[in-house]
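Novice: the sequence and its predicted three-dimensional model are supplied below.
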Amino acid sequence: MNIWTDPHAWHWLGRAFTTNFVREGLYYLFAALLLWLVVHKWLHKRLAHRVIAGWPTSADVRREMAYSFSTLLIFSAQGLVVFASILRGDMVIYFKPSQYGYLWLALSLPAMLLWHDFYFYWTHRLLHSRWLFHRVHGVHHRSRNPSPLAAYAFHPIEAFINSLVTPLALLVVPLHGLVLLAFAIHQIVRNAHGHLSIETMPRGFARHWLGGRFTTTTHHHLHHETAQGNYGLWFTWWDRWMGTERGDYHARFEKVTAGRKTLLTST
């Protein structure tokens with residue numbers, strides 16, 4: 001069957017696009033809007049002392065929502081490629097846990113997180129080349145103090161680049177449906193959290209032997225402020241290995257997590 005000429009296939013592709021858009025939209029709205037409402041609205045005064053640099057403006061939020069909508073369309077379209085490839089037998093998403101062994105089932109989610117972190121770091125550095133930054137990635141950096149709604153606020157080209165993470169993995173390995181679900185939820189929740197503009201982790205986390213391996217909101221916020229350094233997504237080790245972790249990261253983290261009394265006496 002040629003899925004591109006068969007009318008029945010186009011029917012299923014249309015349904016797949018709609019399903020993808022609704023699912024991605026719900027993930028995005030659940031994570032980004034929930035964090036925005038809870039942290040930026042309900043706990044606005046209580047967490048004001050943990051604002052890293054400043055609150056996002058209403059103009060920032062409106063722009064982030066507009067670009068996020070286009071990103072959702074692109075992610076949903078990319079999902080059609082995955083759906084078509086599954087129909088053709090080029091990719092495998094399975095649902096029987098024992099089909100490829102329980103060891104692979106257990107390792108596949110960590111493997112996806114490591115792959116995503118690697119892929120993002122190097123494509124992110126590429127997007128910071130002068131030509132691509134001014135024409136593509138600069139859209140994301142218009143939010144100097146981003147809101148969680150900036151999680152998907154990408155130029156369409158950058159959205160397409162980011163959408164390739166899962167299809168590229170599926171070209172190489174089979175993945176369980178629940179692993180893909182957990183991966184999708186993890187990436188949007190942590191992505192939205194990374195654009196929170198408010199540090200929520202406890203003091204000392206960034207220097208902890210384990211906590212220091214994970215990126216924080218401050219880590220990514222400094223990247224938005226300066227457009228230099230701190231290119232990592234989930235983990236800090238690529239920035240450390242490649243010498244791109246900002247030298248002021250730990251000091252800024254300690255300052256913003258110092259607490260109300262320390263901040264009042266220091267000002």
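Specialist: Yep, it's here.
Novice: who's in contact with the residue nearest the centre of the chain?
Specialist: Nearest to the geometric centre of the chain sits N191, at 3.4 Å (Cα atoms, centre = their mean). N191 makes contact with A31, A151, Y152 under the criterion Cβ atoms under 8 Å, 6 or more residues apart in numbering. C-beta here means a position set from N, CA and C on the backbone, and glycine is covered the same way.
Novice: switch to 7 Å and redo it
Specialist: A151 (Cβ atoms under 7 Å, 6 or more residues apart in numbering).
Novice: which residues of the stretch 151-267 of the chain fall in helices?
Specialist: For the stretch 151-267 of the chain, applying DSSP state H, counting those that start in this stretch gives helices covering 156-163, 165-170, 177-194, 217-226, 237-241, 249-256, 260-266.
Novice: tell me the most buried of those helices?
Specialist: Scoring these by mean neighbour count under mean count of other Cβ atoms under 10 Å gives helix 217-226 as the most buried, with a mean of 23.
Novice: quick one: that helix to helix 177-194, angle?
Specialist: Following axes from the mean of the first three to the mean of the last three Cα atoms, to 10 degrees, one obtains 60 degrees for the angle between helix 217-226 and helix 177-194.
Novice: closest one to H49 among the helices of the stretch 151-267 of the chain?
Specialist: Evaluated with Cβ to Cβ, those place helix 260-266 nearest to H49, the distance being 4.9 Å.
Novice: phi, psi of the closest residue in space to H40 that isn't next to it in sequence?
Specialist: Once flanking residues are discounted, H40 sits nearest to S147: 6.5 Å by Cβ to Cβ, 6 or more residues apart in numbering. The main-chain torsion angles of S147 are listed as degrees, to the nearest 10 and equal phi -110, psi 170.
Novice: and S147, how far from I93?
Specialist: The spacing between S147 and I93, counted by Cβ to Cβ, to the nearest Å, is 33 Å.
Novice: just want to know which of those two has more residues nearby.
Specialist: Comparing S147 with I93 by neighbour count (other Cβ atoms under 10 Å), the higher total belongs to S147, at 26 against 16.
Novice: where does this protein dip in pLDDT?
Specialist: Applying pLDDT under 70 to the chain picks out residues 1-13, 260-267.
Novice: hmm, try it at 90
Specialist: Low-confidence regions of the chain, defined here as pLDDT under 90, cover residues 1-34, 36-47, 55, 76-88, 259-267.
Novice: what is the orientation angle of the helix ranked longest in the chain with helix 156-163?
Specialist: In terms of residue count, the longest helix belonging to the chain (DSSP state H) is helix 58-88. Angle between the axes of helix 58-88 and helix 156-163 is 50 degrees (criterion: the same axes, to 10 degrees).
Novice: give me the helices and strands touching helix 58-88, please.
Specialist: Contacts of helix 58-88 with other secondary structure elements, assessed using 3 or more Cβ pairs under 7 Å, 6 or more residues apart in numbering; DSSP states H and E, are made with helix 7-28, helix 156-163, helix 165-170.
Novice: list the residues that contact the closest residue to F235 other than its chain neighbours.
Specialist: In space, not counting the residues next to it along the chain, F235 is nearest to D117; the distance is 5.3 Å by Cβ to Cβ, 6+ apart. With contact taken as Cβ under 7 Å, 6+ apart, D117 is in contact with G232, L233, W234, F235, W238.
Novice: also A32?
Specialist: In this structure, A32 makes contact with P148, L149, A151, A192, judged by Cβ under 7 Å, 6+ apart.
Novice: that one and L181, how far apart?
Specialist: A32 sits at a distance of 18 Å from L181 (criterion: Cβ to Cβ).
Novice: how about T226?
Specialist: If you measure T226 against L181 using Cβ to Cβ, the figure is 35 Å.
Novice: relative to L103, which of the helices of the stretch 151-267 of the chain is closest?
Specialist: Using Cβ to Cβ and comparing these, the one that lies nearest L103 is helix 177-194, at 13.1 Å.
Novice: then that closest one to PDB, C-alphas only?
Specialist: Once side chains and other backbone atoms are set aside, the C-alpha atoms of helix 177-194 remain, and they are given as PDB (Å, rounded to 0.1, in the frame of the first residue of the first chain):
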ATOM      1  CA  GLY A 177       4.500   3.400  23.900                       C
ATOM      2  CA  LEU A 178       4.700   4.100  27.600                       C
ATOM      3  CA  VAL A 179       8.300   5.000  27.300                       C
ATOM      4  CA  LEU A 180       7.500   7.500  24.700                       C
ATOM      5  CA  LEU A 181       4.700   8.900  26.800                       C
ATOM      6  CA  ALA A 182       7.000   9.300  29.800                       C
ATOM      7  CA  PHE A 183       9.600  10.900  27.600                       C
ATOM      8  CA  ALA A 184       7.100  13.400  26.200                       C
ATOM      9  CA  ILE A 185       5.800  14.300  29.700                       C
ATOM     10  CA  HIS A 186       9.300  14.700  31.100                       C
ATOM     11  CA  GLN A 187      10.500  16.900  28.400                       C
ATOM     12  CA  ILE A 188       7.600  19.400  28.500                       C
ATOM     13  CA  VAL A 189       7.500  19.500  32.300                       C
ATOM     14  CA  ARG A 190      11.200  20.100  32.700                       C
ATOM     15  CA  ASN A 191      11.300  22.400  29.700                       C
ATOM     16  CA  ALA A 192       8.600  24.600  31.200                       C
ATOM     17  CA  HIS A 193      10.300  24.500  34.600                       C
ATOM     18  CA  GLY A 194      13.600  25.600  33.000                       C
END
